[in-house]
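Visitor: Show me how the following folds:
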Amino acid sequence: MYKLQPLFKSVVETPHPNCVYKMKKISDHFNHNIAANDGSGENIQNDATSNNCEVEELEKRWTEITSRLQRLQSELAAIKTGSASGLSSFVDAGPPPPLTIKTLAVQQDLLVLRISSLMTSLFELKSRVFSSTTVLQLQQRSLLERIRELNVEIQSISHALNNNNNNGKVPITPQLPCCTEKTDIVGSGVQNFQDLVIQASPSNPPHSLPLLKQQLEMLGMTVYARTHVHSTMAGNKLLDDTLKNFICSDSRVERSRARVAITLIWIKGDGEEPSLMVSPSSQAVPIKGEANIARYLARMVPGLLDYESQPLKAAQIDHYLDLTECSAPLGVRGLKRERAATLKLLDTTLSTKKSLEGSQVGVVDFVVYSALVNSCTEKEIGTNIHAWMDRCRSTVKKANATSPSDMKRSNLEKYLLELGIAFRTVEHPAVFTVAAMMEHISHLVGFHAKNLFVKDKKTNKLYLITARHDATVQLGQISKVIGSKELRFADAETLEANLGVQQGSVTPFALLNDAQEHRVTFVLDGQLWNEKNSDGQDTYLNFHPMTNEATTSITVAEFKLFLKATGHEPLIIQL
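Guide: Numbers count the residues shown, from 1 in each chain. Predicted coordinates for the structure are as follows:
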């Protein structure tokens, strides 16, 4: 469906004729195709006399449009100040009538019609083959920016009219299509939910997806992401653990509450491009290629990519994205000779820039990065590209995984609040033994706990054992109950790497840091699993909140909710 090519053509781009997006061009460097596109069949004369006549004619039209825009701005200023002077287009000679809300609304609609007419005239100013083409393009961009500013002022007037109208409703003027940059999917309601299903081959992974997910989250959107393997791929040697968990969201994110759902499905294929299905019921052809997937999201999500707002920048972005198309120089089926020349130019470009898009790596960088990983060898890549790819890799790691040490007390408390769990935290000095802890928290209602982080001596399988603070814990007996050969205490490095806490701060709350990998098996004293005590009251549990300088109390029922959210089903043992 979406085999895209640049909206604003550049001489250095690789053209692809099968583009479904059609827009009126603000700039057009391929001037020799103008006559054919217009369908006039006339041949453009190249003599200097004809060119001069065309320049004079277009300059006259430019002067006329500019003067009309200035009159519109004067009339708009008069409306904003409440003055009737200068409204030559709206009133006849004689004393001006009083300005009412109804009058202002009519004048506002007239301004909108005039601006629409002005935009029509603007797009009719097509470039010709003459020396002043560049000047006219700059004038067109300047005029377009001024019209956008005028549109913003009209919107503010509409807002004021609606706020001050007590006797009737004055409809807010919709934003002009020519001034609309992107379509915003951020909002409330089911209609804003985006369900994206992407199919890809393990031989050509879409490495840009993790960054796209990360940037959507940075824009305040809740993203639900999962990776699946098609049944025809069972036992495929290319599918390692990394690909099976290529893109995944936090286990606490529910699909029903997400704004965007991304489902990646690994399918059979030899270097096939990733394909995106947005609406399977109405979409006959998928959107193919990482570049086109990025274009789609850029048009749907403001802020994801500064795309098409500036013609020259859009042409540059399109140029880089087109290089990654399957048969393009950086594509998996591109020609080696063309690829070598493109890599040389890319290495020269990156010698003075940290990224292709701006000061930091972004969507464009990751689409190109993904193409290089899938199609190029280490020997083909230059020094500057190597450094740039290292920056991309570091961002990929940040996008794919969160360091356990980042999930400290503040993050835990935020997580509990998101789950709707009520808790109480008591501050106290740092404690390293159960006896020292009880001196400060013995007054708290409920069970106090001790926690042991151990591993199987033979298999290195990790366990977190939580029991009553005064219960007798024998590792030999517990190992038999849970089916382990022999349990021993894990070292501090293993503790930090898997639960993100230090010795003395071990707590069941640290399972939050294992919500992605699930490397730790949780073993729980059966006495701590009963929701009600002998009096029929809620049973409370007291654990460290990632630090041994405080203790947090929650009910057993709420603790069960926490474990369900992190994906840890406890092994219940009786001590």
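Visitor: quick check: mean pLDDT across stretch 524-542?
Guide: For stretch 524-542, the mean pLDDT works out to 90.
Visitor: Endpoint to endpoint, it covers what distance?
Guide: Stretch 524-542 has its terminal residues 14 Å apart, counting by C-alpha to C-alpha, to the nearest Å.
Visitor: List the contacts of that stretch.
Guide: 441, 444-449, 465-468, 471, 508, 551-557, 559-560, 570-575 (C-beta atoms under 8 Å, 6 or more residues apart in numbering). The way it works is simple: take the backbone N, C-alpha and C, and place the C-beta from them, glycine included.
Visitor: Stretch 471-490 too?
Guide: With C-beta under 8 Å, 6+ apart, stretch 471-490 has contacts from 450, 452-459, 461-463, 465, 467, 521, 523, 525, 527, 571, 573, 575.
Visitor: can you pull out the strands in the stretch 251-400 of the chain?
Guide: All strands of the stretch 251-400 of the chain, identified by DSSP state E, counting those that start in this stretch, fall at 260-266, 275-277, 287-288.
Visitor: Make JSON lines out of these and add distance to residue 542.
Guide: Output for those, formatted as JSON lines (distance: least, C-beta to C-beta, whole Å):
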{"stretch": "strand 260-266", "distance to residue 542": "38"}
{"stretch": "strand 275-277", "distance to residue 542": "49"}
{"stretch": "strand 287-288", "distance to residue 542": "52"}
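Visitor: Give me the helices and strands touching the longest strand along the chain, please.
Guide: If you go by DSSP state E, the chain has its longest strand at strand 447-456. Of the remaining helices and strands, those touching strand 447-456 by 3 or more C-beta pairs under 8 Å, 6 or more residues apart in numbering; DSSP states H and E are helix 434-441, strand 462-468, helix 475-482, strand 487-489, helix 492-499, strand 540-543.
Visitor: Need the winner for burial among the ones you listed.
Guide: A comparison of the helices and strands packed on strand 447-456 by mean neighbour count, using mean count of other C-beta atoms under 10 Å, puts strand 462-468 on top with a mean of 21.
Visitor: thought residue 343 was touching residue 380?
Guide: Yes - shown here, residue 343 and residue 380 form a contact pair, counting by C-beta atoms under 8 Å, at 5.9 Å.
Visitor: next one: phi and psi at the closest residue to residue 257 other than its chain neighbours?
Guide: Closest residue to residue 257 in three dimensions, ignoring its sequence neighbours and counting by C-beta to C-beta, 6 or more residues apart in numbering: residue 222, at 6.3 Å. Note on residue 222: its backbone torsions stand at phi -80, psi 120 [degrees, to the nearest 10].
Visitor: burial of residue 222, as a residue count?
Guide: The tally of other residues near residue 222 (other C-beta atoms under 10 Å) stands at 16.
Visitor: quick one, what contacts it?
Guide: Shown in contact with residue 222 (C-beta under 8 Å, 6+ apart): 253, 257-260.
Visitor: Let me know the distance separating it from residue 193.
Guide: Going from residue 222 to residue 193 by C-beta to C-beta, to the nearest Å gives 10 Å.
Visitor: any common contacting residues for the two?
Guide: What both residue 222 and residue 193 touch, as defined by C-beta under 8 Å, 6+ apart, is the set 258-260.
Visitor: How many residues are close by residue 206?
Guide: 26.
Visitor: per-residue confidence at the closest residue in space to it that isn't next to it in sequence?
Guide: Computed as C-beta to C-beta, 6+ apart, the closest residue to residue 206 that is not its neighbour in sequence is residue 274, at 4.3 Å. If you check residue 274, the pLDDT there is 91.
Visitor: Look up phi and psi at residue 357.
Guide: The phi/psi pair for residue 357 (degrees, to the nearest 10) is phi -100, psi -40.
Visitor: That one contacts residue 364, correct?
Guide: Yes - taking C-beta under 8 Å as the definition, residue 357 is a contact partner of residue 364 at 4.3 Å.
Visitor: Neighbour count: these two, which is higher?
Guide: Taking other C-beta under 10 Å, residue 357 and residue 364 do not tie; residue 364 has more neighbours (26 against 22).
Visitor: Buried residues, stretch 259-279. List them.
Guide: With burial defined by 16 or more other C-beta atoms under 10 Å, the residues of stretch 259-279 counted as buried are 259-267, 269, 272-278.
Visitor: Apart from its chain neighbours, what residue comes closest to residue 339?
Guide: Per C-beta to C-beta, 6+ apart, closest to residue 339 is residue 329, 4.8 Å.
Visitor: Show me the domain layout of this protein.
Guide: 45-179, 190-400, 404-573 (automatic domain parsing).
Visitor: Lowest average pLDDT across those domains?
Guide: domain 45-179 (a mean of 58).
Visitor: is it true that residue 196 lies in a strand?
Guide: Yes - assigned with DSSP: H, G, I helix; E, B strand; the rest coil, residue 196 falls within a strand.
Visitor: picking up where we left off before, more neighbours, residue 343 and residue 380?
Guide: Neighbours were counted for residue 343 and for residue 380 using other C-beta under 10 Å; residue 343 has more, 18 against 14.
Visitor: separation between that one and residue 499?
Guide: Separation of residue 343 from residue 499 (C-beta to C-beta): 44 Å.
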